[in-house]
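Trainee: Sharing a model that was predicted from the sequence below.
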Amino acid sequence: MPGAQISSRFLVVLVSIGIYCISNKSCDGFLMPHNTIPFSVKSIGPIDFTPTTGTRGSTSPIERDHNNVRCRTSFIPSWLNVGAESDDGFSVATVTGDEESEERERDENNDSDEDMVSRIEKYLSDSSSEEASVVSDDILDETERVVSDLISLGSQRGVTTAEKLLWHLVEEKERGNERAHPTIDLFNTVLYAHATLSSTPVDSALSLLTHLETHPSTTPTLHTYNTALSTLSHHSRRYRFADKKAMRLFETMSLPPDGTSYTHLVTTLARSRGRGAAARATKILKESLFRSHPSNVTVATVNTVLTAWSKSDEPDAPDRAAELLGWMSSSVNLVPDAVSFTAVIDAFCQRKDWRSVTRGEGMLNEVISLYLSGESDVAPDKFCFTIVMSAYCKLARRGRSRDAAKRAGRLLARMERLSEEGREGPG
């Protein structure tokens, strides 16, 4: 019937607008004035202005323009309206006299920091000068403090200088200087600093590790290897072949791995998102980490692998995710949280076929039932609802089901009922 068709299309559009508002945390003036909470967001809890990593369509109300932090005024409550609004709709904070004084003090500290780095760099280039001998005494007497000060600068230059200084002390020790103490713990500190501050964190960290392995006077510890694996884990999403490098490093370690080593390897494989990554991560999680170090199998580690399955294009990804969720609770005695269920729901809804999406909705209903029965750790958030509603809207737009739009509308209505009953989950 024409009327029914129009009604169905209208419902798809309406639900799509609701999903957009939920995902972007603001309708930006569309259908409602600024400084108001969209009904679909209000229904499931307070707004969190922190950008959510990995969420499609998520935007941040905060943008940076040089040294100013510029916030869209639509996100600023009236009682916190600081600074004047500029022509482009942003509120720009003004600098007071006290702030100018603090800025001058910071500049002076930066100049002092640069002087310290320059002095050490000059010492390393010519350690025979009279000035260098004074610097040398400070370095030899307080090596740990000097290295810490260089790293605390928070710059790649400071970290690089700290590493060069340690290798210089290694040479001094080889020459018989008993005051030189370049400990492996200090190298580990520099290795971690490379991982967090370097513009090329993985290359810098692995290069230092290789140098430590091949140099006759230095011997890496298990902590050294785990720090390198941790670097690969944290940067695996943007570093090409991180999964292969992690496997190679893991297999060539000169010391037996511990639970932390396995955890970093599993996380790196899962986050790499390469073909077969989820399957390899699952295999190591179950057959290696769980068997040898069961206490290191945590909800967060399993969730990382579940998320890998949700992003996988393998045909059996949803079933593998559901199987891992069951293993998590039955074999490891871990209690899945909201992230665990959301990842599995997402895996089903990514298939974009009626059977998979309805299974995803079925799991969402199970999560809601658990939450209403008192399981607060599994409270479904707005993204969990959005995943299923968005999948139904896509099915409706493609004409794959007449009931898809109605199901999306019912989910939206259920969110409203939960809010009215005071049972809304976290935002």
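Mentor: The structure has been received and is ready for your questions. Computed from a predicted structure; not experimentally measured.
Trainee: so where is the stretch 301-427 of the chain shaky, pLDDT-wise?
Mentor: Where the stretch 301-427 of the chain drops to pLDDT under 70, the residues are 400-402, 422-427.
Trainee: just the stretch 51-200 of the chain next, same as before
Mentor: 51-114, 127-135.
Trainee: need the strands for it, in chain order.
Mentor: Taking DSSP state E, counting those that start in this stretch as the criterion, the stretch 51-200 of the chain carries its strands at 62-65, 68-72, 84-85, 90-92.
Trainee: Show the contacting residues for Leu249.
Mentor: Leu249 makes contact with 206, 209, 225, 228-229, 232, according to C-beta atoms under 8 Å, 6 or more residues apart in numbering. All C-beta spots, glycine's among them, are computed from the backbone N, C-alpha and C.
Trainee: Quick check, Asn296 in contact with Ser261.
Mentor: No: using C-beta atoms under 8 Å, Asn296 is not in contact with Ser261, being 9.3 Å away.
Trainee: So between these two, which is more surrounded?
Mentor: Using other C-beta atoms under 10 Å as the criterion, Asn296 and Ser261 rank with Ser261 on top: 23 against 16.
Trainee: check contacts around that one.
Mentor: Contacts of Ser261 by C-beta under 8 Å, 6+ apart are 222, 225-226, 229, 250, 253.
Trainee: try it again with 6 Å
Mentor: Contact analysis of Ser261 by C-beta atoms under 6 Å, 6 or more residues apart in numbering lists Asn226.
Trainee: After the helix or strand containing it, which helix or strand is next?
Mentor: Taking DSSP states H and E as the criterion, Ser261 maps to helix 259-272. Sequence order places helix 277-284 as the next helix or strand after helix 259-272, per DSSP H and E.
Trainee: follow-up on the earlier one: measure how the helix holding Ser261 sits relative to helix 277-284, angle-wise.
Mentor: With axes from the mean of the first three to the mean of the last three C-alpha atoms, to 10 degrees defining the directions, helix 259-272 sits at 160 degrees from helix 277-284.
Trainee: got the CA coordinates for helix 259-272 in PDB?
Mentor: Extracted as PDB, the C-alpha positions of helix 259-272 are listed here (Å, rounded to 0.1, in the frame of the first residue of the first chain):
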ATOM      1  CA  GLY A 259      52.100 -14.000  30.900                       C
ATOM      2  CA  THR A 260      52.800 -10.300  30.100                       C
ATOM      3  CA  SER A 261      54.700 -11.400  27.000                       C
ATOM      4  CA  TYR A 262      51.800 -13.500  25.800                       C
ATOM      5  CA  THR A 263      49.300 -10.800  26.600                       C
ATOM      6  CA  HIS A 264      51.200  -8.200  24.500                       C
ATOM      7  CA  LEU A 265      51.500 -10.700  21.600                       C
ATOM      8  CA  VAL A 266      47.700 -11.500  21.700                       C
ATOM      9  CA  THR A 267      46.800  -7.800  21.800                       C
ATOM     10  CA  THR A 268      49.200  -7.000  18.900                       C
ATOM     11  CA  LEU A 269      47.700  -9.700  16.700                       C
ATOM     12  CA  ALA A 270      44.200  -8.800  17.500                       C
ATOM     13  CA  ARG A 271      44.700  -5.000  16.900                       C
ATOM     14  CA  SER A 272      46.500  -5.500  13.600                       C
END
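Trainee: Same list (the contacts of Leu249) but as a markdown table, adding distance to Ala379.
Mentor: Formatted as a markdown table, those follow (distance: C-beta to C-beta, whole Å):
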| residue | distance to Ala379 |
| --- | --- |
| Leu206 | 41 |
| Leu209 | 42 |
| Tyr225 | 39 |
| Ala228 | 37 |
| Leu229 | 33 |
| Leu232 | 33 |
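Trainee: Tell me how many other residues crowd Val335.
Mentor: Around Val335 there are 12 other residues, counting by other C-beta under 10 Å.
Trainee: Okay, it and Ser204: tell me how far apart.
Mentor: Noted for Val335: a distance of 39 Å to Ser204, by C-beta to C-beta, to the nearest Å.
Trainee: just Glu420 next, same as before
Mentor: Taking C-beta to C-beta as the criterion, Glu420 is separated from Ser204 by 55 Å.
Trainee: who has more neighbours, these two?
Mentor: Higher neighbour count among Glu420 and Ser204: Ser204, with 22 against 10, using other C-beta under 10 Å.
Trainee: picking that back up, avg pLDDT for the helix holding Ser261?
Mentor: Mean per-residue pLDDT for helix 259-272: 94.
Trainee: Can you check what angle separates the helix or strand hosting Ala321 from helix 277-284?
Mentor: Counting by DSSP H and E, the element that carries Ala321 is helix 317-330. Counting by the same axes, to 10 degrees, helix 317-330 lies at 30 degrees to helix 277-284.
Trainee: what is the mean pLDDT for stretch 236-246?
Mentor: The model assigns stretch 236-246 a mean pLDDT of 87.
Trainee: For it, buried residues please.
Mentor: Within stretch 236-246, the residues scored as buried using 16 or more other C-beta atoms under 10 Å are 236, 239, 242-243, 245-246.
Trainee: how far does it stretch from start to finish?
Mentor: 9 Å (C-alpha to C-alpha, to the nearest Å).
Trainee: Show me what it is in contact with.
Mentor: Contact with stretch 236-246 is made by 202, 232, 265, 268-269, 271-272, 274, as judged by C-beta under 6 Å, 6+ apart.
Trainee: With stretch 278-297 instead?
Mentor: With contacts defined as C-beta under 6 Å, 6+ apart, stretch 278-297 is touched by 259, 262-263, 266, 269-270, 305, 308-309, 312, 332.
Trainee: Going by distance to Leu372, which of these wins?
Mentor: Nearest to Leu372 among these: Val332, at 25.8 Å, using C-beta to C-beta.
Trainee: got the end-to-end distance for stretch 376-387?
Mentor: From its first residue to its last, stretch 376-387 covers 20 Å (C-alpha to C-alpha).
Trainee: Thought Leu372 was touching Val378, still the case?
Mentor: No: here Val378 does not reach Leu372: they are 10.3 Å apart, not a contact under C-beta atoms under 6 Å.
Trainee: In terms of neighbours, single out the busier of those two.
Mentor: The residue with more neighbours, out of Val378 and Leu372, is Val378; 22 against 12, by other C-beta under 10 Å.
Trainee: which one among the contacts of stretch 236-246 gets closest to Thr342?
Mentor: Thr342 lies nearest to Arg271 out of the contacts of stretch 236-246, by C-beta to C-beta, at 16.9 Å.
Trainee: Identify the residues contacting the closest one.
Mentor: Each residue near Arg271 by C-beta under 6 Å, 6+ apart is listed here: 236-237.
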